[in-house]
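Participant: quick one: sequence plus predicted model below, questions after.
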Amino acid sequence: DPPGCQDIDDTMHARELPNGDIEIGVHIADVTHFVPHNSPLDLEAQVRGTTFYLVDRRFDMLPSLLSSDLCSLHGSTDRLAVSTIWTFSRDFKEVKSFWYGRTVIHNCQAMTYGQAHNIIHDQPPDEGNKIPPPLTAGAP
């Protein structure tokens with residue numbers, strides 16, 4: 001997410017499996033656990049559609065207790081998510097399996113898009129001499 005973001009709604013993990021295959025998971029914050037379908041909060045969120053940002057403030061789709069805390073995938077915290085996990089052949093030419101469902105994840109670190117980009121391209125993140133975290137957000 002961008003620097004300073006407090007409503008971190010997505011994360012991912014990637015790891016090499018013992019047989020050489022690659023596992024990649026994408027995890028989205030499970031807001032539905034806290035916002036029942038067609039509740040007044042759900043209906044208001046449908047009207048708002050998204051959080052939007054101005055230069056000096058933001059307008060949240062959901063109350064900040066949800067968007068910036070309970071439904072935000074901050075680092076070093078267990079959170080509810082909806083996840084999909086793929087297993088690829090080591091050359092990425094074959095999807096060997098996939099799974100999707102509800103999970104509890106433990107995001108090891110919140111990163112900015114720039115930090116993730118740098119790590120993927122074998123460069124240090126933009127935070128001085130800080131050692132980059134492994135590219136994993138946790139697994140179900």
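Facilitator: Looks like it arrived, so ask away.

Participant: give the other helices and strands that the helix or strand of the chain with the lowest mean pLDDT contacts.
Facilitator: Least confident helix or strand of the chain, by mean pLDDT, DSSP states H and E, is strand 52-53 with a mean of 78. Applying 3 or more C-beta pairs under 8 Å, 6 or more residues apart in numbering; DSSP states H and E, we find strand 52-53 packed against strand 58-59. Any C-beta I mention is one placed from the backbone N, CA and C, and that applies to glycine too.

Participant: and the next element down the chain from the strand it packs on?
Facilitator: helix 64-65 (DSSP states H and E).

Participant: quick one: contacts of that next one?
Facilitator: Residues outside helix 64-65 that contact it (C-beta atoms under 8 Å, 6 or more residues apart in numbering) are Q6.

Participant: which residues of this protein fall in helices?
Facilitator: Assigned helices in the chain, in chain order: 40-48, 64-65, 113-120 (criterion: DSSP state H).

Participant: of those, which shows the lowest average pLDDT?
Facilitator: Ranked by mean pLDDT, those bottom out at helix 113-120, which scores a mean of 83.

Participant: only alpha carbons, please: show that helix as PDB.
Facilitator: What follows is helix 113-120, C-alpha atoms only, in PDB (Å, rounded to 0.1, in the frame of the first residue of the first chain):
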ATOM      1  CA  TYR A 113       4.300  -0.700  -3.100                       C
ATOM      2  CA  GLY A 114       7.800   0.800  -3.600                       C
ATOM      3  CA  GLN A 115       9.300  -1.500  -1.000                       C
ATOM      4  CA  ALA A 116       7.700  -4.600  -2.500                       C
ATOM      5  CA  HIS A 117       8.800  -3.500  -6.000                       C
ATOM      6  CA  ASN A 118      12.400  -3.100  -4.800                       C
ATOM      7  CA  ILE A 119      12.500  -6.400  -3.000                       C
ATOM      8  CA  ILE A 120      11.100  -8.300  -6.000                       C
END
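
Participant: quick one: low-confidence parts of this protein?
Facilitator: The model of the chain has pLDDT under 70 over residues 1-4, 127-140.
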